[in-house]
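Visitor: Okay, structure incoming, though there's no sequence with it:
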């Protein structure tokens, strides 16, 4: 299954002591595809394997985190240093385990969310509906 995450309304490049805020998707322990915090949107696309198990579908792959039955995707916020190093300071969990059952068989699913929280900072912690909307693709 192809997963597409579309984040809008990014919070800007400055947050606290961070002067070059970026958001990226976490693949294993690495944060990849970083997007500047003042971009118009952040779009991430990757594949997730769906395995049928005795207890229902299980999501797997390098972008998937958490234990079986509680799988999620991470969007990680960090400061991109001048030397290219990454200093993470926040993460948002998108609970793919809560994907509506009628979307599990779709070729593509899209997660839509705003990336600025209610206080004007980078959205973090667990992100669930209504802050996150899942949309089925073809």
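Guide: Looks like it came in fine. Predicted model, so just to flag it, every value in this text is computed and none were measured.

Visitor: Spatially central residue in this protein, please.
Guide: residue 75 (3.7 Å; Cα atoms, centre = their mean).

Visitor: Okay, and that one sits in which element?
Guide: strand 73-80 (DSSP states H and E).

Visitor: if we can go back for a sec, my guess is the residue nearest to the centre of the chain meets residue 25, correct?
Guide: Yes - with contact defined as Cβ atoms under 8 Å, residue 75 reaches residue 25; the gap is 6.1 Å. Using the backbone N, CA and C atoms, a C-beta is placed for each residue, glycine as well.

Visitor: what is in contact with the two at once?
Guide: 5, 44 (Cβ atoms under 8 Å, 6 or more residues apart in numbering).

Visitor: Count the neighbours of residue 3 for me.
Guide: 24 (other Cβ atoms under 10 Å).

Visitor: for residue 116, same thing?
Guide: Quick note: residue 116 (other Cβ under 10 Å) scores 17 neighbours.

Visitor: What strand or helix carries the closest residue to it other than its chain neighbours?
Guide: Spatial nearest neighbour of residue 116, excluding adjacent residues (Cβ to Cβ, 6 or more residues apart in numbering): residue 11 at 4.2 Å. Assigned by DSSP H and E, residue 11 belongs to neither a helix nor a strand.

Visitor: pLDDT score assigned to residue 11?
Guide: For residue 11, the pLDDT comes out at 97.

Visitor: Could you do residue 101 as well?
Guide: pLDDT, residue 101: 87.

Visitor: if I look at it, how far off is residue 125?
Guide: From residue 101 over to residue 125 the distance is 25 Å, taken as Cβ to Cβ, to the nearest Å.

Visitor: The two: which is more packed in?
Guide: Taking neighbours as other Cβ under 10 Å, residue 101 and residue 125 compare with residue 125 leading, 11 against 8.

Visitor: correct me, but that one touches residue 93?
Guide: Yes - counting by Cβ under 8 Å, residue 125 touches residue 93, with 6.9 Å between them.
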